[in-house]
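Undergrad: Next one to model:
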Amino acid sequence: MWKQRVLVSSGVRLYSRVAPQVVRVTAKNVAKLGSPKEGPKPRQLLSLPPFPGFPLPGKKSLNACHVTAISWVKYYFDEIQDSVIQSHFNKSLVQIECPSSSDSVEMEGLGKPMRKIKPSDVMEVGARIHIPVSVAETAISRRFDTIPSGTLYPNADEIEYLQRLVKYKDSALLVLNKPPKVPVKGNMPIHNSMDALAAAALSYGYDEGPKLVHRLDRESSGLLLMGRTKESIAHLQLLFSYINKAQSKCQAWNDACEATYQRYWALVIGSPKDKEGLISARLSKVLLDDGKTERVVLAQHSSLEPSRDAVTEYRVLGPTINGCSWIELRPLTSRKHQLRVHCAEALGTPIVGDYKYGWFVHRRWKQMPRVDIEPSSGKPYKLRWPEGVDIQKGSVLAKVPLLHLHCRELVLPNIAKFLDVLDGKSENVHPALSTRPDLLRFVASMPSHMKISWNLMSSFLV
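TA: Numbering: from 1, shown residues only. Predicted structure coming up:
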């Protein structure tokens, strides 16, 4: 709205601009005159991996030739409610990278043109979707995460708690969402390890409890795989140790083994120079000066210490918030502390809460939030204090944060389908099992301290 001011004496007609005013109607039907409502604030975007272009593991009904954008987002965020994802599409918040065109907007700091995408749009091979990080924001429980007590004979409450951790079970394997601070393999005097507790509480009618197939660090969390029979344990351990030796005469099994992978989410201090890449750095073990403590380090070319290959794919998920970045890690080898050492020494960005390999950064750790710049607008973020900080401890705002490393996604062969073929009991898969998928896929939600740190990133701009 413009207001005109005329100067007649000089014969010159001047105009002065007054801030535009609009009429607002409140909830009580009261009209008020005020400035226009501010537009939506820019949002931090989470980058999904490029669309693979092959049948998606664990989704037999999805055809790679016709996968819609919303189906791909729902597949990646399997732990998120469909209604949350649908609302982001309804609000036109989901974008996709595209070649430069008239209807695309180049995001400053990201350097790639983006355009809005509809839920019904068909995905193309290599297409990459960006969605606000608020899609994965979750409510925080009002209670502390329970840690089983140190006993070989858990009570009824502890057995119920352990069974709630189970995400999947069949005749051959068991998949759990391991909480942090629970050791996987127990040695005296440790009694509350996952293998001991599983043997006591998760047998489900079998003579023996499930056995470990691979391991997670005590401080880390996420998907933990256990075998229920001697045959399945042997095949799965071989698969996770030496993927090339897990081959057989069954081509379907071989293809499923090649498609096996794990994906971790981690919060690291700083940000890698490259947004994605491949780390190939050999690892070796050394003893510290006390002669007892063992450390895993990057192998030196001139060192006489034995070393092993270690390869990790990484990808930055979103922007740097409060001096930290969320990244996705995919180990291609299974080495002790591989991800922690690669992040700390190869990338120079130690994982938050990793005092073993990131002690040099945590000595200067400050839990108070600092101001960061939003990459698309160049403006400072506005912090909204996330819920749950005063309830659950160990987040990025804590004085002593817990380890922020979580095994989020696991894809592996459906061994119950192929077990008879692998053991030589049958040449073909049993007809009753032929309709089952060749691959199983699992996605586990993060523990509470990581949820708070994630909510912090999505709370800067909403």
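
Undergrad: so how many other residues sit close to residue 270?
TA: The tally of other residues near residue 270 (other C-beta atoms under 10 Å) stands at 15. C-betas here are computed from N, CA, C, even on glycine.

Undergrad: So for it, what's the nearest residue that isn't a sequence neighbour?
TA: residue 349 (4.3 Å; C-beta to C-beta, 6 or more residues apart in numbering).

Undergrad: what does residue 441 give?
TA: Nearest non-adjacent residue to residue 441, counting by C-beta to C-beta, 6+ apart: residue 58, 3.0 Å away.

Undergrad: Pull up the gap between the nearest residue to residue 194 once chain neighbours are set aside and residue 401, please.
TA: Of all residues not flanking residue 194 in the chain, residue 184 sits nearest, at 4.9 Å (C-beta to C-beta, 6+ apart). The gap separating residue 184 from residue 401 is 21 Å, by C-beta to C-beta, to the nearest Å.

Undergrad: Tell me which of these two has more neighbours.
TA: Taking other C-beta under 10 Å, residue 184 and residue 401 do not tie; residue 401 has more neighbours (25 against 18).

Undergrad: so what's that one scoring on pLDDT?
TA: Residue 401 is assigned 88 on the pLDDT scale.

Undergrad: again with residue 27
TA: Per-residue pLDDT puts residue 27 at 56.

Undergrad: same thing with residue 98?
TA: If you check residue 98, the pLDDT there is 74.

Undergrad: Give me the neighbour count for it.
TA: Residue 98 has 16 neighbours, counted by other C-beta under 10 Å.

Undergrad: Pull up the gap between it and residue 213, please.
TA: Counting by C-beta to C-beta, the separation of residue 98 from residue 213 is 42 Å.

Undergrad: just to revisit the earlier point, which ones are touching the residue nearest to residue 270?
TA: For residue 349, the contacting residues are 268, 269, 270, 271, 272, 325, 327, 343, by C-beta atoms under 8 Å, 6 or more residues apart in numbering.

Undergrad: Please report phi then psi for it.
TA: Recorded main-chain torsions at residue 349 are phi -130, psi 90, according to degrees, to the nearest 10.

Undergrad: which element is the residue nearest to residue 441 on?
TA: Using DSSP states H and E, residue 58 sits within no helix or strand.

Undergrad: Wait, it touches residue 440, no?
TA: Yes: contact criterion C-beta atoms under 8 Å: residue 58 and residue 440 qualify, at 6.0 Å.

Undergrad: more neighbours, those two?
TA: Per other C-beta under 10 Å, whichever of residue 58 and residue 440 has more neighbours is residue 440, with 23 against 18.

Undergrad: all strands of the stretch 51-200 of the chain, in order?
TA: For the stretch 51-200 of the chain, the strands defined by DSSP state E, counting those that start in this stretch cover 95-97, 105-106, 113-116, 129-132, 166-169, 173-178.

Undergrad: Show the contacting residues for the closest residue to residue 159 other than its chain neighbours.
TA: Among residues not flanking residue 159 along the chain, residue 201 sits closest, at 4.3 Å (C-beta to C-beta, 6+ apart). Neighbouring residues of residue 201 by C-beta under 8 Å, 6+ apart: 154, 158, 159, 162, 163, 209.
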